[in-house]
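Undergrad: dropping a prediction and its sequence here:
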Amino acid sequence: MATRNKNSSSTEEKHEGEGEGEGEGEVSVSKRNKDDKKEMFIESYKVEGLSIAGHETCIIFPSLNLAFDIGRCPDRAISQDFLFISHAHMDHIGGLPMYVATRGLYRMKPPTIIVPTCVKENVEELFNVHRRMDHSELNHNLIGLDVGEEYCLRKDLKVKAFKTYHVIPSQGYIVYYVKQKLKQEYLGLPGPEIKKLKSSGTEITNTISTPEVAFTGDTMSDFIVDESNIDVLRARILVMESTYVDNSTTVEQARDYGHTHLSEIVNYADKFENKAILLIHFSARHTLDEIQGAVSALPPPLAGRVSALTEGFNNRRN
Ligand SMILES: [Zn+2]
Ligand SMILES: [Zn+2]
(Lines give C-alpha, C1' and ligand atoms only; values in the text may rest on other atoms or scores of the structure.)
(Ligands and ions follow the chains in the order given, each with its own letter.)
Protein backbone atom coordinates (compact mmCIF):
# COMPACT_ATOMS: atom_id res chain seq x y z
CA MET A 1 0.00 0.00 0.00
CA ALA A 2 1.27 3.40 -0.86
CA THR A 3 2.05 5.74 1.91
CA ARG A 4 2.03 9.41 1.26
CA ASN A 5 5.39 11.04 1.48
CA LYS A 6 5.84 13.32 4.41
CA ASN A 7 5.63 16.46 2.34
CA SER A 8 2.16 15.68 1.10
CA SER A 9 0.28 18.09 3.24
CA SER A 10 -3.35 18.88 2.62
CA THR A 11 -2.26 22.31 1.41
CA GLU A 12 -0.29 20.72 -1.37
CA GLU A 13 -3.18 18.46 -2.23
CA LYS A 14 -5.24 21.58 -2.81
CA HIS A 15 -2.43 23.22 -4.67
CA GLU A 16 -2.22 20.24 -6.96
CA GLY A 17 -5.87 20.50 -7.85
CA GLU A 18 -5.84 24.20 -8.42
CA GLY A 19 -2.79 24.78 -10.44
CA GLU A 20 -0.93 21.54 -10.66
CA GLY A 21 1.82 22.76 -8.44
CA GLU A 22 2.06 19.22 -7.16
CA GLY A 23 4.70 20.27 -4.73
CA GLU A 24 5.66 16.77 -3.67
CA GLY A 25 8.66 16.77 -6.02
CA GLU A 26 10.10 13.37 -5.15
CA VAL A 27 10.89 12.22 -8.65
CA SER A 28 14.44 12.66 -9.67
CA VAL A 29 14.10 13.80 -13.25
CA SER A 30 17.61 15.16 -13.23
CA LYS A 31 18.95 11.64 -12.82
CA ARG A 32 17.87 10.78 -16.34
CA ASN A 33 20.77 9.30 -18.14
CA LYS A 34 20.86 9.36 -21.92
CA ASP A 35 22.84 6.11 -22.10
CA ASP A 36 20.50 3.86 -20.17
CA LYS A 37 17.39 5.07 -21.93
CA LYS A 38 15.33 2.35 -23.50
CA GLU A 39 13.62 3.10 -26.77
CA MET A 40 9.86 2.70 -26.76
CA PHE A 41 7.94 1.50 -29.78
CA ILE A 42 4.16 1.31 -29.81
CA GLU A 43 2.39 -0.15 -32.83
CA SER A 44 5.66 0.42 -34.74
CA TYR A 45 5.73 4.13 -33.79
CA LYS A 46 8.75 5.30 -31.87
CA VAL A 47 7.49 7.24 -28.85
CA GLU A 48 9.74 9.50 -26.81
CA GLY A 49 9.36 12.03 -24.06
CA LEU A 50 8.42 12.04 -20.45
CA SER A 51 5.44 12.82 -18.31
CA ILE A 52 5.25 13.40 -14.58
CA ALA A 53 2.20 15.21 -13.20
CA GLY A 54 2.98 18.74 -12.12
CA HIS A 55 6.57 18.47 -13.36
CA GLU A 56 6.66 18.06 -17.13
CA THR A 57 4.78 16.40 -19.95
CA CYS A 58 6.07 16.15 -23.50
CA ILE A 59 5.18 13.21 -25.76
CA ILE A 60 7.07 12.95 -29.04
CA PHE A 61 6.27 10.96 -32.20
CA PRO A 62 9.41 11.50 -34.31
CA SER A 63 8.00 9.76 -37.39
CA LEU A 64 5.09 12.24 -37.39
CA ASN A 65 7.49 15.14 -36.76
CA LEU A 66 5.43 16.33 -33.80
CA ALA A 67 5.27 16.65 -30.06
CA PHE A 68 2.22 16.85 -27.81
CA ASP A 69 2.84 19.44 -25.06
CA ILE A 70 6.33 20.73 -24.45
CA GLY A 71 6.90 20.21 -20.72
CA ARG A 72 10.28 21.75 -19.89
CA CYS A 73 11.38 21.32 -23.51
CA PRO A 74 13.38 18.07 -23.48
CA ASP A 75 16.19 17.97 -26.10
CA ARG A 76 14.35 15.45 -28.25
CA ALA A 77 11.40 17.81 -28.73
CA ILE A 78 13.48 20.50 -30.43
CA SER A 79 13.78 18.70 -33.76
CA GLN A 80 9.99 18.28 -34.12
CA ASP A 81 8.51 20.87 -36.50
CA PHE A 82 4.99 20.70 -35.04
CA LEU A 83 3.89 21.17 -31.45
CA PHE A 84 0.37 20.65 -30.12
CA ILE A 85 -0.43 22.19 -26.73
CA SER A 86 -3.31 20.69 -24.74
CA HIS A 87 -3.64 23.38 -22.06
CA ALA A 88 -1.70 26.11 -20.35
CA HIS A 89 -0.64 24.48 -17.07
CA MET A 90 3.06 25.08 -16.59
CA ASP A 91 4.02 21.39 -16.68
CA HIS A 92 2.65 21.25 -20.24
CA ILE A 93 3.60 24.64 -21.69
CA GLY A 94 6.49 25.93 -19.56
CA GLY A 95 9.24 25.07 -22.08
CA LEU A 96 7.54 26.82 -25.00
CA PRO A 97 9.81 29.89 -25.27
CA MET A 98 12.87 27.61 -24.94
CA TYR A 99 11.58 25.37 -27.76
CA VAL A 100 11.22 28.33 -30.12
CA ALA A 101 14.46 30.00 -29.00
CA THR A 102 16.52 26.80 -29.33
CA ARG A 103 15.23 26.17 -32.84
CA GLY A 104 16.21 29.74 -33.68
CA LEU A 105 19.65 29.19 -32.20
CA TYR A 106 20.18 26.16 -34.44
CA ARG A 107 18.71 28.02 -37.44
CA MET A 108 15.99 25.44 -37.81
CA LYS A 109 12.83 26.47 -39.59
CA PRO A 110 10.25 28.27 -37.44
CA PRO A 111 8.04 25.67 -35.75
CA THR A 112 4.28 25.48 -36.07
CA ILE A 113 2.60 25.61 -32.66
CA ILE A 114 -1.05 24.73 -32.25
CA VAL A 115 -2.76 25.94 -29.08
CA PRO A 116 -6.37 26.12 -27.86
CA THR A 117 -7.75 29.31 -29.41
CA CYS A 118 -8.62 30.72 -25.98
CA VAL A 119 -4.93 30.91 -24.95
CA LYS A 120 -3.54 32.12 -28.29
CA GLU A 121 -3.48 35.81 -27.39
CA ASN A 122 -1.73 35.16 -24.10
CA VAL A 123 0.86 32.97 -25.81
CA GLU A 124 1.49 35.77 -28.33
CA GLU A 125 1.95 38.16 -25.44
CA LEU A 126 4.32 35.70 -23.73
CA PHE A 127 6.55 35.71 -26.81
CA ASN A 128 6.32 39.50 -27.02
CA VAL A 129 7.49 39.80 -23.42
CA HIS A 130 10.49 37.61 -24.20
CA ARG A 131 11.23 39.63 -27.34
CA ARG A 132 11.12 42.84 -25.33
CA MET A 133 13.49 41.37 -22.77
CA ASP A 134 16.12 39.84 -25.05
CA HIS A 135 15.47 41.46 -28.47
CA SER A 136 15.26 38.02 -30.09
CA GLU A 137 13.03 37.15 -33.02
CA LEU A 138 11.47 33.96 -31.66
CA ASN A 139 10.12 33.12 -35.11
CA HIS A 140 7.27 30.67 -35.12
CA ASN A 141 3.87 30.05 -36.62
CA LEU A 142 1.15 30.13 -33.93
CA ILE A 143 -2.25 28.66 -34.71
CA GLY A 144 -5.34 28.63 -32.53
CA LEU A 145 -7.50 25.55 -32.87
CA ASP A 146 -10.92 24.98 -31.29
CA VAL A 147 -12.53 21.67 -30.41
CA GLY A 148 -13.75 20.04 -33.63
CA GLU A 149 -11.42 22.08 -35.86
CA GLU A 150 -8.78 20.44 -38.01
CA TYR A 151 -5.25 21.33 -39.01
CA CYS A 152 -3.65 19.79 -42.07
CA LEU A 153 -0.21 18.58 -41.07
CA ARG A 154 0.75 16.92 -44.36
CA LYS A 155 -1.08 15.87 -47.48
CA ASP A 156 -1.75 12.54 -45.80
CA LEU A 157 -2.03 13.69 -42.17
CA LYS A 158 -4.48 15.92 -40.36
CA VAL A 159 -5.02 16.70 -36.69
CA LYS A 160 -8.33 17.43 -35.01
CA ALA A 161 -8.84 18.92 -31.55
CA PHE A 162 -11.26 17.11 -29.23
CA LYS A 163 -12.92 18.03 -25.97
CA THR A 164 -11.31 17.13 -22.67
CA TYR A 165 -12.43 17.92 -19.13
CA HIS A 166 -9.87 19.63 -16.91
CA VAL A 167 -9.80 22.45 -14.35
CA ILE A 168 -8.81 25.03 -16.98
CA PRO A 169 -9.64 25.12 -20.72
CA SER A 170 -8.06 22.09 -22.37
CA GLN A 171 -8.28 19.90 -25.44
CA GLY A 172 -6.79 16.73 -26.83
CA TYR A 173 -5.70 15.96 -30.39
CA ILE A 174 -6.32 13.13 -32.85
CA VAL A 175 -3.93 12.52 -35.73
CA TYR A 176 -5.68 11.04 -38.76
CA TYR A 177 -4.18 9.36 -41.77
CA VAL A 178 -5.90 10.71 -44.86
CA LYS A 179 -5.99 8.90 -48.16
CA GLN A 180 -7.93 9.12 -51.38
CA LYS A 181 -9.77 5.99 -52.41
CA LEU A 182 -11.21 5.47 -55.87
CA LYS A 183 -15.00 5.60 -55.76
CA GLN A 184 -16.79 2.27 -56.05
CA GLU A 185 -18.26 3.09 -59.45
CA TYR A 186 -14.84 3.65 -61.02
CA LEU A 187 -13.20 0.51 -59.68
CA GLY A 188 -11.99 -1.69 -62.52
CA LEU A 189 -11.91 1.11 -65.10
CA PRO A 190 -8.75 1.13 -67.25
CA GLY A 191 -6.10 3.69 -66.28
CA PRO A 192 -6.51 6.01 -69.29
CA GLU A 193 -10.29 6.24 -68.64
CA ILE A 194 -9.69 7.22 -65.01
CA LYS A 195 -7.14 9.79 -66.13
CA LYS A 196 -9.67 11.23 -68.58
CA LEU A 197 -12.37 11.47 -65.91
CA LYS A 198 -9.95 13.13 -63.53
CA SER A 199 -8.80 15.72 -66.05
CA SER A 200 -12.44 16.49 -66.89
CA GLY A 201 -12.86 17.58 -63.25
CA THR A 202 -14.95 14.60 -62.10
CA GLU A 203 -14.52 13.78 -58.41
CA ILE A 204 -13.34 10.18 -58.72
CA THR A 205 -12.17 9.56 -55.15
CA ASN A 206 -13.54 9.52 -51.63
CA THR A 207 -11.43 10.82 -48.76
CA ILE A 208 -10.85 8.21 -46.07
CA SER A 209 -9.61 9.42 -42.67
CA THR A 210 -8.33 6.89 -40.15
CA PRO A 211 -7.69 7.88 -36.52
CA GLU A 212 -4.11 6.92 -35.85
CA VAL A 213 -2.88 8.57 -32.64
CA ALA A 214 -4.90 10.35 -29.95
CA PHE A 215 -3.44 12.38 -27.08
CA THR A 216 -5.62 13.54 -24.18
CA GLY A 217 -3.44 15.91 -22.19
CA ASP A 218 -4.95 16.37 -18.70
CA THR A 219 -8.56 15.40 -18.28
CA MET A 220 -11.14 13.75 -16.12
CA SER A 221 -12.47 10.46 -17.42
CA ASP A 222 -15.55 12.26 -18.81
CA PHE A 223 -13.90 12.50 -22.22
CA ILE A 224 -14.37 8.73 -22.56
CA VAL A 225 -18.17 8.96 -22.46
CA ASP A 226 -18.40 12.08 -24.61
CA GLU A 227 -20.04 10.74 -27.76
CA SER A 228 -18.28 13.23 -29.99
CA ASN A 229 -14.98 11.64 -28.93
CA ILE A 230 -15.65 8.26 -30.52
CA ASP A 231 -12.56 8.51 -32.76
CA VAL A 232 -10.38 8.97 -29.68
CA LEU A 233 -11.41 5.49 -28.56
CA ARG A 234 -10.87 4.11 -32.07
CA ALA A 235 -7.43 5.56 -32.69
CA ARG A 236 -4.76 2.94 -33.18
CA ILE A 237 -2.77 4.43 -30.28
CA LEU A 238 -4.31 6.32 -27.37
CA VAL A 239 -1.98 8.32 -25.14
CA MET A 240 -4.06 9.00 -22.05
CA GLU A 241 -3.47 10.50 -18.65
CA SER A 242 -3.88 8.31 -15.58
CA THR A 243 -2.56 10.52 -12.81
CA TYR A 244 -3.51 8.21 -9.93
CA VAL A 245 -3.11 4.45 -9.91
CA ASP A 246 -4.07 3.26 -6.44
CA ASN A 247 -6.39 4.01 -3.57
CA SER A 248 -4.05 6.44 -1.85
CA THR A 249 -6.08 8.92 -3.92
CA THR A 250 -9.78 8.42 -4.41
CA VAL A 251 -11.69 8.84 -7.65
CA GLU A 252 -13.45 11.82 -6.07
CA GLN A 253 -10.12 13.47 -5.29
CA ALA A 254 -8.86 12.74 -8.80
CA ARG A 255 -11.97 14.44 -10.18
CA ASP A 256 -11.51 17.43 -7.86
CA TYR A 257 -8.06 17.88 -9.39
CA GLY A 258 -9.41 17.45 -12.93
CA HIS A 259 -7.59 14.17 -13.48
CA THR A 260 -8.27 10.50 -14.22
CA HIS A 261 -7.87 7.58 -11.81
CA LEU A 262 -6.77 4.23 -13.25
CA SER A 263 -9.83 2.55 -11.70
CA GLU A 264 -12.05 4.69 -13.95
CA ILE A 265 -10.17 3.45 -17.00
CA VAL A 266 -10.80 -0.10 -15.77
CA ASN A 267 -14.51 0.69 -15.37
CA TYR A 268 -14.69 1.96 -18.94
CA ALA A 269 -12.50 -0.85 -20.32
CA ASP A 270 -15.11 -2.00 -22.86
CA LYS A 271 -15.17 1.38 -24.54
CA PHE A 272 -11.57 1.36 -25.74
CA GLU A 273 -11.13 -0.03 -29.24
CA ASN A 274 -7.54 1.17 -29.43
CA LYS A 275 -4.84 -1.30 -30.39
CA ALA A 276 -2.50 0.19 -27.80
CA ILE A 277 -2.92 2.54 -24.86
CA LEU A 278 -0.02 4.46 -23.33
CA LEU A 279 -0.70 5.79 -19.86
CA ILE A 280 1.07 9.01 -18.90
CA HIS A 281 1.09 11.82 -16.33
CA PHE A 282 1.41 9.73 -13.17
CA SER A 283 1.52 11.62 -9.91
CA ALA A 284 5.06 12.19 -8.67
CA ARG A 285 4.06 10.54 -5.41
CA HIS A 286 3.72 7.18 -7.13
CA THR A 287 6.77 4.95 -7.24
CA LEU A 288 7.87 3.00 -10.29
CA ASP A 289 6.77 -0.26 -8.61
CA GLU A 290 3.32 1.09 -7.85
CA ILE A 291 2.80 2.16 -11.45
CA GLN A 292 4.15 -1.02 -12.99
CA GLY A 293 2.26 -3.16 -10.48
CA ALA A 294 -1.03 -1.41 -11.22
CA VAL A 295 -0.60 -1.65 -15.00
CA SER A 296 0.44 -5.32 -14.95
CA ALA A 297 -2.63 -6.11 -12.80
CA LEU A 298 -5.05 -4.65 -15.36
CA PRO A 299 -7.77 -7.14 -16.24
CA PRO A 300 -8.93 -8.06 -19.75
CA PRO A 301 -9.75 -6.50 -22.16
CA LEU A 302 -7.08 -3.97 -21.17
CA ALA A 303 -4.42 -6.51 -20.20
CA GLY A 304 -1.60 -6.76 -22.71
CA ARG A 305 -2.31 -3.60 -24.67
CA VAL A 306 -1.71 -0.96 -22.00
CA SER A 307 1.75 0.33 -21.21
CA ALA A 308 3.01 3.09 -18.94
CA LEU A 309 5.46 5.89 -19.61
CA THR A 310 7.58 5.71 -16.47
CA GLU A 311 10.69 7.63 -17.45
CA GLY A 312 11.83 9.73 -14.50
CA PHE A 313 10.15 7.50 -11.91
CA ASN A 314 12.03 5.34 -9.45
CA ASN A 315 11.35 3.55 -6.21
CA ARG A 316 12.65 6.16 -3.84
CA ARG A 317 10.22 7.87 -1.56
CA ASN A 318 11.61 10.67 0.57
ZN1 LIG B 1 -0.43 18.16 -15.94
ZN1 LIG C 1 -3.22 20.34 -16.12
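TA: Everything's here; your move. For clarity, every value in this text was computed on a predicted model and none was experimentally measured. Ligands and ions are numbered 1, 2, ... in the order given.
Undergrad: longest helix in the protein, please.
TA: Longest helix of the chain, by residue count under DSSP state H: helix 117-134.
Undergrad: identify all contacting residues around that one.
TA: For helix 117-134, contacts defined as Cβ atoms under 8 Å, 6 or more residues apart in numbering pick out 85, 87-88, 93, 96-97, 100-101, 113, 115, 136-138, 140, 142-146, 169. The way it works is simple: take the backbone N, C-alpha and C, and place the C-beta from them, glycine included.
Undergrad: 10 Å instead, please
TA: Residues from elsewhere that reach helix 117-134 (Cβ atoms under 10 Å, 6 or more residues apart in numbering): 85, 87-88, 93, 96-98, 100-101, 113-116, 136-140, 142-147, 149, 161, 168-171.
Undergrad: anything in it near ligand 2?
TA: No - on the criterion Cβ under 5 Å from the ion, helix 117-134 is out of touch with ligand 2, staying 12.5 Å away.
Undergrad: buried ones in that helix?
TA: Buried residues in helix 117-134, counted by 16 or more other Cβ atoms under 10 Å: 117, 119-120, 123, 126-127, 130.
Undergrad: do stretch 98-110 as well
TA: 98-104.
Undergrad: so the nearest residue to residue 39 once chain neighbours are set aside, which state does it fall into?
TA: Spatial nearest neighbour of residue 39, excluding adjacent residues (Cβ to Cβ, 6 or more residues apart in numbering): residue 46 at 6.5 Å. Following DSSP: H, G, I helix; E, B strand; the rest coil, the label given to residue 46 is strand.
Undergrad: am I right that residue 46 is in contact with residue 40?
TA: Yes - contact criterion Cβ atoms under 10 Å: residue 46 and residue 40 qualify, at 7.1 Å.
Undergrad: okay, helices next: where are they in the stretch 51-200 of the chain?
TA: Counting by DSSP state H, counting those that start in this stretch, one finds helices in the stretch 51-200 of the chain at the ranges 90-93, 96-105, 117-134, 191-199.
Undergrad: what residues are bridge-paired with the closest residue in space to residue 311 that isn't next to it in sequence?
TA: With sequence-adjacent residues excluded and distances taken as Cβ to Cβ, 6+ apart, residue 311 is closest to residue 50, at 4.4 Å. Judged by DSSP bridges, the bridge partners of residue 50 are residue 58.
Undergrad: okay, now residue 50: neighbour count?
TA: Other residues within reach of residue 50, judged by other Cβ atoms under 10 Å, total 23.
Undergrad: ok, it to residue 270 distance?
TA: Computed as Cβ to Cβ, to the nearest Å, the residue 50 to residue 270 distance reads 30 Å.
Undergrad: count of neighbours near the closest residue in space to residue 243 that isn't next to it in sequence?
TA: Using Cβ to Cβ, 6+ apart and skipping the chain neighbours, the partner closest in space to residue 243 is residue 259 (3.8 Å). By the criterion of other Cβ under 10 Å, residue 259 has 28 neighbours.
Undergrad: where does residue 166 land on pLDDT?
TA: Looking at residue 166, its pLDDT stands at 98.
Undergrad: same question, residue 38
TA: 75.
Undergrad: return the set of buried residues in stretch 253-270.
TA: 254-265.
Undergrad: name the nearest residue to whichever residue of the stretch 101-250 of the chain sits closest to ligand 1, sequence neighbours excluded.
TA: Residue nearest to ligand 1 within the stretch 101-250 of the chain: residue 218 (4.4 Å; Cβ to the ion). Excluding its sequence neighbours, the residue lying closest to residue 218 (Cβ to Cβ, 6+ apart) is residue 166, at 4.7 Å.
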